[in-house]
Each structure stands twice: as C-alpha cells, then as structure tokens.
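Enquirer: next one to model:
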Amino acid sequence: MGLKEQITEDMKAAMRAKDSGKLSAIRLITAAIKQKEVDERVELDDAQVQAIVEKMIKQRKDSISQFEAGGRQDLVEIEQAELAVLSAYMPAALSDAEVQAEVAAAVAATGAAGPQDMGKVMGILKTKLAGRADMTAVSGLVKAALTKA
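Expert: Residues are numbered from 1 along each chain as shown. Below you'll find the model as predicted:
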C-alpha cells in the first residue's frame, strides 16, 4: 500500500473513531496532496507525498516556535498534535552517526576537495537522506567536512 492510500485509510479510521484532532491533521495532508496534483496535473508518488509531509512538518515546527515566543500555549498544543500525526508518515530518522557516515561517504564518492564542491555532495545526500534527516543539519555537516578537507 502506498503512502497516499495509507493516509486515506487512516482518515477513514479517524472518522470511525471520531478522533477530530487526527482527522483534522490528515485532512490537511490530503488537501495539500490534492492541491499539488491539481496544480501539476500529475499523480503523486510516495516520494512526492513524503516531500509534502516533510514541508508541513517544517511549517509546524516554525509555528510552534513562533507561538511559544508569543505565549500562546493553546496554539502550541494544537500544532504539536498535528506534528505528531504528520511525523507518523515519515520514515524513521537516521541517527547522528549514520548521517555522519553518509556525509563522509558522499564526500569520498564525489572527490570533493573544498567548499566549492558542496553542491555536488548535497545533490547526492539530498536523494539519499530526504525525509530521514534534517537537511539543514546535513548541510552544516557537509560544510564542516569540506572546510577540514
């Protein structure tokens, strides 16, 4: 079963269970998927659905930090509940050691010699680590690895 079908099944289950919080979050996901499909006139595959969910997770994290700064704990709790539902659709995150190993392997594979080769290394890592690691942190690790080299 594909990710899109899993989301649809989870939405049906949330409707049956009358779980309004989960249902609301899943409806947001399905709306974003349908919007992308209509805009681009394509059927999305699992990787594209995963990218949408990843983007929504990033938005929730940003919102949580903004609401915490503004002292809106009620909104923080709503965003955290949505974040928990969204995170369930992402693959298991890699550990720091695994990310370090992937960065080292990508640097070695490209033969990167300095910061000017960062694009090549990130190109390889983006396809390998998409959805499984925070790409901002990966970028920092690549930059550190290339400045040492």
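Enquirer: so the residue positioned nearest the centre of the chain versus Leu3, what's the distance?
Expert: With distances taken as CA atoms, centre = their mean, Glu54 lies nearest the centre of the chain, 2.4 Å away. Distance of Glu54 to Leu3, given as CB to CB, to the nearest Å: 12 Å. Where C-beta positions appear, they are placed from N, C-alpha and C, glycine not excepted.
Enquirer: just Val42 next, same as before
Expert: 15 Å.
Enquirer: more neighbours: which of those two?
Expert: Neighbour tally, Val42 and Leu3, criterion other CB atoms under 10 Å: the higher count belongs to Leu3, 21 against 10.
Enquirer: just checking, that one touches Gln50?
Expert: Yes: applying CB atoms under 8 Å, one finds Leu3 in contact with Gln50, separated by 6.4 Å.
Enquirer: what is in contact with those two at once?
Expert: Tyr89 (CB atoms under 8 Å, 6 or more residues apart in numbering).
Enquirer: quick one: low-confidence ranges for this structure?
Expert: 131, 149 (pLDDT under 70).
Enquirer: next SSE after the longest helix anywhere in it?
Expert: What stands out as the longest helix in the chain, according to DSSP state H, is helix 46-69. As assigned by DSSP states H and E, the chain's next helix or strand after helix 46-69 is helix 73-87.
Enquirer: now the element after that following helix, going C-ward?
Expert: helix 96-110.
Enquirer: give me the helices and strands touching the very next helix or strand once past that next one, please.
Expert: Reading on from helix 96-110 to the C-terminus, the next helix or strand found by DSSP H and E is helix 118-129. In terms of contacts (3 or more CB pairs under 8 Å, 6 or more residues apart in numbering; DSSP states H and E), helix 118-129 is packed against helix 96-110, helix 135-148.
Enquirer: as CSV, those with distance to Ser87 and mean neighbour count would be great.
Expert: Shown next, in CSV, are the helices and strands packed on helix 118-129 (distance: least, CB to CB, whole Å; neighbours: other CB atoms under 10 Å):
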stretch, distance to Ser87, mean neighbour count
helix 96-110, 18, 15
helix 135-148, 16, 15
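Enquirer: let's have those in JSON lines, adding distance to Lys126.
Expert: Shown next, in JSON lines, are the helices and strands packed on helix 118-129 (distance: least, CB to CB, whole Å):
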{"stretch": "helix 96-110", "distance to Lys126": "10"}
{"stretch": "helix 135-148", "distance to Lys126": "7"}
